[in-house]
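Student: Curious how this folds, go ahead:
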Amino acid sequence: MNTASLRTRTPSVEATDQSWLVFALAGQQYAAPLARVGEVLRDGELTPVPGAAPDLLGIRHLRGQIVPVMDGRCRLDLPRQPAADHARVRVVMLQVAGQTVGLRVDAIGELIHPTPDAIEPPPAGRAPRPDDPVKGVVPVAGGFVALLDIAKLCRVPGEG
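Tutor: This is a model prediction of the structure:
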């Protein structure tokens with residue numbers, strides 16, 4: 001079988017404005033807009049930053065650029081125990097307002113492509129936070145995926 005016939009039989013998945021990269025944190029599913037994801041890297045050596053916010057793990061050198069790396073669990077007020085499988089831990093490099101910010105996550109999931117009418121508001125009864133990065137949820141089998149506002153997650157004002 002040649003590769004041309006494989007391409008015609010296998011539908012390609014293209015990134016759209018509704019493409020989201022799902023990742024796990026503390027057994028919950030979150031997603032970032034694929035358009036904001038620069039790349040996904042293995043967890044690596046970080047340089048601590050004295051006096052930094054508690055959710056800033058440190059900085060990482062990435063091809064000549066210094067990139068802050070945030071702890072996804074801490075930033076989202078989740079339990080701070082180590083990931084169940086450290087080999088699956090990744091750093092998602094997010095692009096916001098011309099900056100790159102890393103977010104350490106427990107594992108990478110799949111791409112989802114929810115339609116705008118499938119996105120629901122965050123569940124009621126959550127503790128109110130002015131900087132809450134969860135902007136909506138998408139129901140999936142066995143639960144939901146929380147969609148994140150990357151500018152709020154990374155604390156970049158005036159960007160959305």
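Student: Please make it C-alpha for all contacts and neighbour counts, starting now.
Tutor: Noted.
Student: before we move on, which element is L111 in?
Tutor: Element membership for L111 (DSSP states H and E) is strand 107-112.
Student: Tell me which other helices or strands that strand touches.
Tutor: Under the contact criterion of 3 or more C-alpha pairs under 8 Å, 6 or more residues apart in numbering; DSSP states H and E, strand 107-112 touches strand 20-25.
Student: what about L62, how many neighbours?
Tutor: 10 (other C-alpha atoms under 10 Å).
Student: With R42 instead?
Tutor: Using other C-alpha under 10 Å, the number of residues around R42 comes to 12.
Student: Same check on R129?
Tutor: Neighbourhood size, R129 [other C-alpha under 10 Å]: 7.
Student: any idea whether it is helix, strand or coil?
Tutor: Secondary structure state of R129, per DSSP: H, G, I helix; E, B strand; the rest coil, is coil.
Student: Quick check: the most centrally placed residue in the chain vs L56, distance?
Tutor: The C-alpha lying nearest the average C-alpha coordinate of the chain belongs to A32 (C-alpha atoms, centre = their mean; 4.4 Å). Counting by C-alpha to C-alpha, to the nearest Å, the separation of A32 from L56 is 19 Å.
Student: tell me the contacts of G72?
Tutor: 25, 55, 103-105 (C-alpha atoms under 8 Å, 6 or more residues apart in numbering).
Student: Figure out how far stretch 40-59 is from the centre of its chain.
Tutor: Centroid separation for stretch 40-59 versus its chain: 16 Å, with C-alpha atoms, centre = their mean, to the nearest Å.
Student: Show me what counts as buried in that stretch.
Tutor: 43, 55-59 (16 or more other C-alpha atoms under 10 Å).
Student: got it, and stretch 130-147?
Tutor: 133-134, 136-138, 145-147.
Student: Could you report the pLDDT at H86?
Tutor: pLDDT for H86: 89.
Student: which residues does it contact?
Tutor: H86 is in contact with D106, counting by C-alpha under 8 Å, 6+ apart.
Student: And it, how far from L62?
Tutor: Applying C-alpha to C-alpha to H86 and L62 gives a distance of 21 Å.
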